[in-house]
Every structure is written in C-alpha cells, then in structure tokens.
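# Have a look at this fold, sequence not included:
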C-alpha cells in the first residue's frame, strides 16, 4: 500500500488537544434501560463519572468487572445513541458470549470481527454496526504479541485511512448533509468483511511505523478532536471529503 505524502505530513503535524472522555456509563445505562429490565446491581458496577480509554483498559483487565459492564462502559464512552443501546442490550445471549470469548483471548482480530459481523447479519446485534463493534474489539482484546489488537474502524478513522492511502480500503457511504454548513455524514457500512478490517488494521500499523509512534496513538490521532473545536486533522478530513463529494457524479 502506498501512502499519499501530503496527507501523511498533515497528520504528522496535527496534535490532539484533549483526551476524549465519553459519556457517563451510569447515566447512559439508566437511559438505555428505561425500556428494559433495569438491573440495579449492574448500574452500581458502572462509573458515575466519564471514563477514558485508560479507564476502560483497566476495567477490562480486572476480573472484578463483568463483560457486560465492560461493554456498556465502552459503548457509553463511544457516545452510542441510547435508542440503539436499548436495541442492543435487549438481545444479549450470543453477542455477550462472543464478547466474553474476545476478552479471554479466544480470537484474533479478524476472527473477532467475523464473529460480530456474522451475528449482525443474523439480526443478533441490532443497533451495533462496525463502527461500534470494533470499539468492543479494540478494548476487549487482551495484550498478546501473537494476536495484535484490532483498532476502532469508525467514520473518522476509516475516512482517514482511505484518504491517507488514496483508496477505498474501507467501504463507506455518505448518507446525508449535516445541518452545520457543508459537513457530510459518512458511515462505515456492513459490506466490510474481516478482510477489509485486517487491511484497515495493517494500514493503521503502517502509518504508525511512518510516524514512529504506537498504532493506538496513531488511531487516536486520526480520530482527532471533534465538536466545536475540531482538530486540524479532523478539519482536513472534512474538507477533503467535501471536495471528493462535489467531484463525484453519484455523490457517494
């Protein structure tokens, strides 16, 4: 895979200005469980304050936290809409078994992706597309030199990889324009298989080698800062996306 030098240089000079804290797991679960059977014991096991990536890794590594509590905390950190969260938690048996197996090192990253993708195809992971179930893979996988970690393949990291390599390594679609000017909404689609995911992960590791930093730090750089104070790299991705969109006849 060949990388586009100008984009790599832009990423290299773009720094994160804050650590993404995510939503408060207790508050998120309380809203999600309104239409479900609220579990007070599960609620008590969740953090009442916002959690960071480091907090989530510590939680997953601790035997005192259930895999369900870990998954809820990860999805809350990721900012999942509570309606989708309710759908997802309403059907737990098979995806929770898969999550447990990932947490205990039973799968490598492609196997983990394939397991979740197959469950989603079967309708057993409602509300959780690749952008979110790769968050579960990222945090749940234990440290293992023989099984490198899978990375978060959301719209920002996928857009970044496609831009950096000048190729559609990850299948995405532009679904709508946002209300705030010309910014567009890009979605990582279910068409992506475990093969696409492995290409994505390898691409993240290639960029990390070129930047001479860890892959997890590279993935976080590509996510960049959002909200009202967008990072330079996020602005660059948004601008490049708009140029590509306007140049496309199909606008896809």
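In hand now; what should we look at? None of the values given here were measured: they were computed from a predicted structure.

# quick check: domain ranges of this structure?
Domain assignment for the chain, taken from automatic domain parsing, gives 5-19+150-247, 25-140.

# So what's the gap between the shortest one and the chain middle?
Here the centre of domain 5-19+150-247 is set off from its chain's centre by 11 Å, with CA atoms, centre = their mean, to the nearest Å.

# What of the longest one?
Remark: domain 25-140 is offset 12 Å from the chain centroid, using CA atoms, centre = their mean.

# tell me the mean pLDDT for it?
Here domain 25-140 scores 95 as its mean pLDDT.

# Quick one: end-to-end distance for that domain.
Domain 25-140 has an end-to-end distance of 16 Å (CA to CA, to the nearest Å).

# Residue 25 contacts residue 72, doesn't it?
Yes. Between residue 25 and residue 72 a contact is recorded at 5.9 Å, counting by CB atoms under 8 Å. Where you see a C-beta, it was placed from the backbone N, CA and C, and this is true even at glycine.

# follow-up on the earlier one: any chance of a markdown table for the domains of the chain, columns mean neighbour count?
Shown next, in a markdown table, are the domains of the chain (neighbours: other CB atoms under 10 Å):
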| stretch | mean neighbour count |
| --- | --- |
| domain 5-19+150-247 | 17 |
| domain 25-140 | 18 |
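
# Residue ranges in the stretch 101-250 of the chain under the pLDDT threshold?
Along the stretch 101-250 of the chain, the parts satisfying pLDDT under 70 run over 175-183, 247-250.

# what do you get if the cut-off is 50, keeping everything else the same?
Per-residue confidence for the stretch 101-250 of the chain (pLDDT under 50) gives these ranges: 249.

# Who are the contact partners of the most centrally placed residue in the chain?
The centre of the chain sits closest to residue 152, judged by CA atoms, centre = their mean, with a distance of 3.6 Å. Listed by CB atoms under 8 Å, 6 or more residues apart in numbering, the contact set of residue 152 reads 131, 134, 135, 138, 219, 223.

# from those, which is closest to residue 21?
residue 223 (13.4 Å; CB to CB).

# now for the helix or strand hosting residue 197, which elements pack on it?
Taking DSSP states H and E as the criterion, the element that holds residue 197 is helix 194-211. Helices and strands touching helix 194-211, by 3 or more CB pairs under 8 Å, 6 or more residues apart in numbering; DSSP states H and E, are helix 5-12, helix 109-121, helix 155-165, helix 215-223.

# Out of these, which is closest to residue 96?
Closest approach to residue 96 among those is made by helix 109-121 (10.4 Å; CB to CB).

# helices and strands around the helix or strand just after the closest one, which ones?
Counting by DSSP H and E, the next helix or strand C-terminal to helix 109-121 is helix 130-140. Contact partners of helix 130-140 among helices and strands, from 3+ CB pairs under 8 Å, 6+ apart: helix 53-61, helix 67-77, helix 93-103, helix 109-121, strand 184-188.

# what inclination does the shortest one have with respect to helix 194-211?
Pointing back at strand 184-188 there. Here strand 184-188 runs at 120 degrees with respect to helix 194-211, directions being taken by axes from the mean of the first three to the mean of the last three CA atoms, to 10 degrees.

# what sits up against strand 184-188?
Outside strand 184-188, the residues that touch it by CB under 8 Å, 6+ apart are 129-131, 153-155, 158-159, 170-178, 238, 241-242, 245.

# could you give the angle of it to helix 155-165?
With the same axes, to 10 degrees defining the directions, strand 184-188 sits at 90 degrees from helix 155-165.

# Partner strands of strand 184-188, with direction?
Applying DSSP bridges, strand 184-188 is found paired with strand 172-177 (antiparallel).

# how much space between residue 6 and residue 240?
10 Å (CB to CB, to the nearest Å).

# sorry, that was for residue 38
44 Å.

# thinking residue 205 is in contact with residue 214, fair?
No. Taking CB under 8 Å as the definition, residue 205 is not a contact partner of residue 214, at 9.6 Å.

# What are the phi and psi values at the spatially closest residue to residue 50 that is not a sequence neighbour?
Of all residues not flanking residue 50 in the chain, residue 21 sits nearest, at 3.9 Å (CB to CB, 6 or more residues apart in numbering). Dihedral pair for residue 21: phi -90, psi -20, per degrees, to the nearest 10.
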